[in-house]
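Q: can you look at this prediction? I've put the sequence above it.
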Amino acid sequence: MFDIERWQEIFDTLRKNKLRSFLTGISVASGIFILVILLGFGQGMRNGIEQEFKQDAATSIWVWPGTTSKEFKGMNPGRRIRLNNENYANSVALFQNDLEFNSPRIFVNDVAVNYGKESLVYGIQGVSANFQFIENAKMVEGRFINPQDESETAKVAVIGRKIRTDVFTEVPSPLGEYIELSGIPFKIIGVYKEYEDREEERIYIPISAAQKVFNGGDIVNNMAFTLPPQEDFETAVSEAIRFKAGLKTYLQQVHTIAPDDTSGIDVWSAMEEAKRYYGLTNNIKIFFWFVGVCTIIAGVVGVSNIMLIVVKERTKEIGIRKALGAKPWSIVGMILHEAIFVTAISGFGGLIFSMALLEIVGPHIEIDYVLNPSVNFNVAFTTVIVLVLAGTIAGFFPAWKAAKVHTIEALRDE
């Protein structure tokens, strides 16, 4: 039943102690506010890391040659390892049942790039048709390199959207236009887009053309693979680890590299890196929860202390109520009502303010590895409910102390 006199009494008490009530409310609201903001940034870090890994296929595995650091089978350390077409072809044949996409890549250096009379400064890479899917490059115009381009050593090129925007401003479309690579014309057949502008500053040509036209021989700078998607994250990680170990062992044997030499061949797995980063964000999230919960506990303790002060100030009033026949539980209810009201109003105030702040500011935050900080409303709402329950418990003990005050002693209180 709604007791208007009880509410009037609560508001009268709060009005008489405005500063104390305000500071108590601030301590509770700040606890919820800090917790929600910390959880929001924890989720923002996870979003940012996911965005970083979306730049390449989630199951991608990259192989880079390095320099040996250990003597092995009569071979001196310090040897520069070079991958070639045979290494790539044998790797694909050996692990063909494990692969989704695969591509070699070479970097074409010391090549002058020109469009008409304009000199361009962009990187040139020779790749195969599957490289589009490994890099998650989306075509916005035309097409990517295809197997026929490779087999025919076609002089065709695919450019990034940023190159199209910066260079081809005077034509409706760059498709069909020619760029010269060291004086050799290459026809533009497509425009791709990536997640970052810097990755749109590349010119892709068939790897066969890169090797034959620019004297690349059979050298491959690196090899890229993707594995088929799995039902769950842990299975995908274990498959990536297994494939990575097998591929590295094969390449170490071919190039006479010691099994424990970590610098001769470098194999990088996106899934392993994702697991490492996600584990880090989970630890950070746990830390954020710890800090937020400690702040909330501090607020709840503040509520309990304030209620003790309230009981002390109203001791004589409580004695009069008991003398007039007030039951102990009505005294408990009176104190609890105020504690619950202060905790609930402050908690929901902190929740609303923090959620609004994340909603307004979150989408505009541009920090490395932090993207759109947000928090699940159900989690935040549940936290406030738990806070109210904690406030109820915090208020119960002062209320119970008030109920146990002896009537004569209470009336004597000054």
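A: Received, thanks.

Q: surely residue 267 and residue 249 touch.
A: No - at 10.0 Å, residue 267 does not count as touching residue 249 under the criterion of CB atoms under 8 Å. Bear in mind the C-beta positions are built from the backbone N, C-alpha and C, glycine included.

Q: more neighbours: those two, which one.
A: residue 267 (19 against 13; other CB atoms under 10 Å).

Q: so who does the closest residue to residue 59 other than its chain neighbours touch?
A: What sits nearest to residue 59 in space, not counting adjacent residues and going by CB to CB, 6 or more residues apart in numbering, is residue 227, at 4.3 Å. Shown in contact with residue 227 (CB atoms under 8 Å, 6 or more residues apart in numbering): 59, 61, 98, 99, 100, 236, 239, 240, 243.

Q: now with 7 Å?
A: 59, 98, 99, 100, 239, 240, 243 (CB atoms under 7 Å, 6 or more residues apart in numbering).

Q: which of the residues you listed fall within helices?
A: 239, 240, 243 (DSSP state H).

Q: redo the residues you listed as a markdown table? Include pLDDT and neighbour count.
A: Output for the ones in helices among the contacts of residue 227, formatted as a markdown table (pLDDT from 0 to 100; neighbours: other CB atoms under 10 Å):
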| residue | pLDDT | neighbour count |
| --- | --- | --- |
| 239 | 88 | 18 |
| 240 | 89 | 27 |
| 243 | 93 | 20 |
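
Q: let's have the residues you listed in a markdown table, adding distance to residue 130.
A: Converted to a markdown table, the ones in helices among the contacts of residue 227 look like this (distance: CB to CB, whole Å):
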| residue | distance to residue 130 |
| --- | --- |
| 239 | 19 |
| 240 | 18 |
| 243 | 16 |
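
Q: just those now: which is nearest residue 23?
A: Nearest to residue 23, judged by CB to CB, of the ones in helices among the contacts of residue 227 is residue 240 at 53.8 Å.

Q: not counting its neighbours along the chain, what's nearest the closest one?
A: Per CB to CB, 6+ apart, closest to residue 240 is residue 271, 4.0 Å.

Q: avg pLDDT for whichever helix or strand that neighbour is part of?
A: Following DSSP states H and E, one finds residue 271 within helix 270-313. Averaging pLDDT along helix 270-313 gives 74.

Q: can you check stretch 363-383 too?
A: Per-residue scores along stretch 363-383 average to 75.

Q: can you name every helix or strand that the longest strand along the chain contacts?
A: Criterion DSSP state E: the longest strand present in the chain is strand 184-193. Under the contact criterion of 3 or more CB pairs under 7 Å, 6 or more residues apart in numbering; DSSP states H and E, strand 184-193 touches strand 138-142, strand 156-160, helix 161-167, strand 178-181.

Q: of the ones in helices among the contacts of residue 227, closest to residue 288?
A: So of those, ranked by how close each gets to residue 288 (CB to CB), first place is residue 240, at 28.9 Å.

Q: ok, the closest one touching residue 269?
A: Yes - counting by CB atoms under 7 Å, residue 240 touches residue 269, with 4.5 Å between them.

Q: which neighbours do the two share?
A: Joint contacts of residue 240 and residue 269 (CB under 7 Å, 6+ apart) are residue 61.

Q: about what we covered before: list the residues that contact the residue nearest to residue 240.
A: By CB under 7 Å, 6+ apart, the neighbours of residue 271 are 58, 59, 236, 237, 240.

Q: again, only using 6 Å
A: Going by CB atoms under 6 Å, 6 or more residues apart in numbering, residue 271 touches 59, 236, 237, 240.

Q: give me the distance between it and residue 264.
A: 23 Å (CB to CB, to the nearest Å).

Q: swap in residue 239?
A: 24 Å.

Q: cool, residue 280 as well?
A: Counting by CB to CB, the gap from residue 280 to residue 264 is 28 Å.

Q: of the two, who's got more company?
A: The neighbour comparison of residue 280 against residue 264 (other CB under 10 Å) goes to residue 264, with 24 against 13.

Q: in this structure that one contacts residue 68, no?
A: Yes - contact criterion CB atoms under 6 Å: residue 264 and residue 68 qualify, at 4.4 Å.
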